[in-house]
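Trainee: the following block contains a protein sequence and its predicted model.
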Amino acid sequence: MTTTRAGHWAGRPRRAIQSAVGALATLVLATACAAGGPAASGGGTGEPREGGDIVFLIDSLGDTWVPNNSSISSFQGHIWNHVADKLVYVDEQGEVSPWVAESWEQNDDATEFTLHLKDGVTFSDGSPLDAAAVVANLDVWAFGRPDDGISPVGLFPKTYDHAEAVDATTVKVHFKAPTLGFVPTLGYHGSILISPKTLALPAEEQADLSNDLGSGPFVVDSWKEGDSVVLTKRADYDWGPEATGHTGPAYLDSITYKLVAESATRTGAVQSGQADVAYNATPQELDSFKDQGFVVAVPRYLGFVNGYRLNTRVAPFDDVKVRRAFQHGIDRDEILSTVYTEDWSPAKSVIQSNVPEATDHSGEFAYDPEQAAALLDEAGWTEGADGVRTKDGERLELTLYPNPYLATSKAIDELVAQQLGKLGFDVDIQAYDVVTFGERVSNNTALSNYEVTRSFIDVGTVASILTDADNGEDWFGLGESDPKTNKLRDAVARATDLDERAKAVDELQAYLLDQAYFAPLTQIVQRIYVQNPKLHDVTYNGVAYASYAAAWLED
């Protein structure tokens, strides 16, 4: 489906945009070539220049544009990041600052928050982004409309009770229990502000991107499903977050997101000057691009490290000794030296080191094949003639499912399969594309494991995924069966003091690793960007999305 412009916009002539998309369609047919790179290196120099059009090549655009159902996607989030705003801005270190909400307060037990909105903010059709609009968004983030096929936002606090518009620029938000992380979570990439007109539409109409009205610095000019999305700047935008250094209209006239499946084709187009940004290049290419003068960005997001969640309800991981053997049987240094570059770091816990509450628990899962083998012996798994361990006539088999959102996942799983094979595991690998992975792997409780990483803005939301309490995601198949996990989960979720919460998060990290519910791999860099060095002042938020609201192209 091809749709046309949505809302107020100003920018590049439509004919020129269509020509750019047509040229890119031709590009996809070509094989990537290694053109000579520019001599200049990236980084802002000189004064920002008005005008210019950039082309961003991406490997997928997901399977739906229903805002609540697609905004957590690693791919569609790039578009939402430009056509919709958030109430607060959260940077790469977890610092929270004003955006559409210019200030806020909370009561002593963190059950009631008051948000004060900027006056004069509007959606792209001119309708006000006022307190009533914020209440409509909060309600749909919290509850969705399941009967209409619209899901709640996964990490929005499940303690949400209701919100009320006190006046046009004041919102009071009520929770059923302490929710210390509420304000930071408003900067999560699922918490995008969409017009109430859009929210009232049925899911099939929300899935038409031209109907999805935001208040961001760009608007949708056109889109073609499975091919491209063209954004043009909004001339009257004037309420961006000060933390990015530019609050007014974008300098760039347009951004064209073009679907190009092959990494080499994407990076080759940037090398030859046919595109400005290539998304998800392979790590092994990055040093070469740097040497050629291209800008390489590998921002880390706030969230979980990359690793395996182990299902305690499914053999062989229903035995803690096997789970611990799995943890200690993985050589993470080999993964870093084989698959990655110096831009990547080893995991030190279950969460990323840039999360303010992260602490170092790397000793809990350090590579130790002798200890891993001894644990398997203790668990009753004996090595057979073919090197595969057996117990009670059953082979020590498992399947790994590479994460399609992570370009390096299959290569990592192949290394892990080799490493575990030396210990007597028989490891198969089953790779799927994004859509099939979502259907067959994500939240499939019959699987013994799957590789996962997960962004979050505030560590208080971590508790909501560990068990099934309050419709939690129950990552490890625990249900409510582990009293200590439940106690620590509740201590994190219900804390009313940041120091108190940090202590509980430290204990929770240690316990999850001691019980081997999670096997960390590396600190995650899920979003890799190779960029034209003439494109300056790109910013990256707390979930590592590139923003071009303040970016500009030099002549």
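Mentor: On my side now, so go ahead.
Trainee: skipping adjacent residues, who's closest to Tyr450 in space?
Mentor: Tyr401 (4.8 Å; C-beta to C-beta, 6 or more residues apart in numbering). In short, each C-beta sits where N, CA and C put it, glycine included.
Trainee: correct me if wrong: Arg440 contacts Tyr432.
Mentor: Yes. The criterion here is C-beta atoms under 8 Å, and Arg440 meets it with Tyr432 at 6.2 Å.
Trainee: quick one: contacts for the residue lying closest to Gly248 once chain neighbours are set aside?
Mentor: Of all residues not flanking Gly248 in the chain, Asp238 sits nearest, at 5.4 Å (C-beta to C-beta, 6+ apart). With contacts defined as C-beta atoms under 8 Å, 6 or more residues apart in numbering, the neighbours of Asp238 are Gly120, Thr247, Gly248, Pro249.
Trainee: show the contacting residues for the third one.
Mentor: By C-beta under 8 Å, 6+ apart, Gly248 lies in contact with Tyr237, Asp238, Gly240.
Trainee: and the second one, by the same measure?
Mentor: Contacts here follow C-beta under 8 Å, 6+ apart; on that basis Thr247 touches Asp238, Trp239, Gly240, Pro241.
Trainee: distance of it from Glu105?
Mentor: Between Thr247 and Glu105 the distance, using C-beta to C-beta, to the nearest Å, works out to 23 Å.
Trainee: same check on the last one?
Mentor: When distance is defined by C-beta to C-beta, Pro249 is 31 Å away from Glu105.
Trainee: neighbour-wise, which of these two wins?
Mentor: Between Pro249 and Glu105, counted using other C-beta atoms under 10 Å, Pro249 has the larger neighbour count: 19 against 11.
Trainee: can you report how many residues lie near Ala203?
Mentor: For Ala203, using other C-beta under 10 Å, the count is 15.
Trainee: phi and psi next, for the residue nearest to it when sequence neighbours are not counted.
Mentor: Leaving aside its sequence neighbours, Ala203 sits nearest to Gly149 (C-beta to C-beta, 6+ apart; 4.2 Å). Backbone geometry at Gly149, expressed as degrees, to the nearest 10, gives phi 80, psi 20.
Trainee: how distant is the helix or strand harbouring Ser464 from the center of its chain?
Mentor: Element membership for Ser464, per DSSP states H and E: helix 463-466. Computed by C-alpha atoms, centre = their mean, to the nearest Å, the chain-centroid distance of helix 463-466 equals 17 Å.
Trainee: would you mind pulling the contact partners of it?
Mentor: Counting by C-beta under 8 Å, 6+ apart, 155, 157-158, 454, 470, 472-476, 478, 485, 489-490, 492-493, 508, 512 sit against helix 463-466.
Trainee: so which of the contacts of Asp238 sit within helices?
Mentor: Among the contacts of Asp238, no member falls in helices (DSSP state H).
Trainee: now, which of those sits nearest Ala379?
Mentor: Among those, Thr247 lies closest to Ala379 (C-beta to C-beta), at 58.9 Å.
Trainee: just give me the neighbour total for Gln371.
Mentor: Neighbour tally, Gln371, other C-beta under 10 Å: 15.
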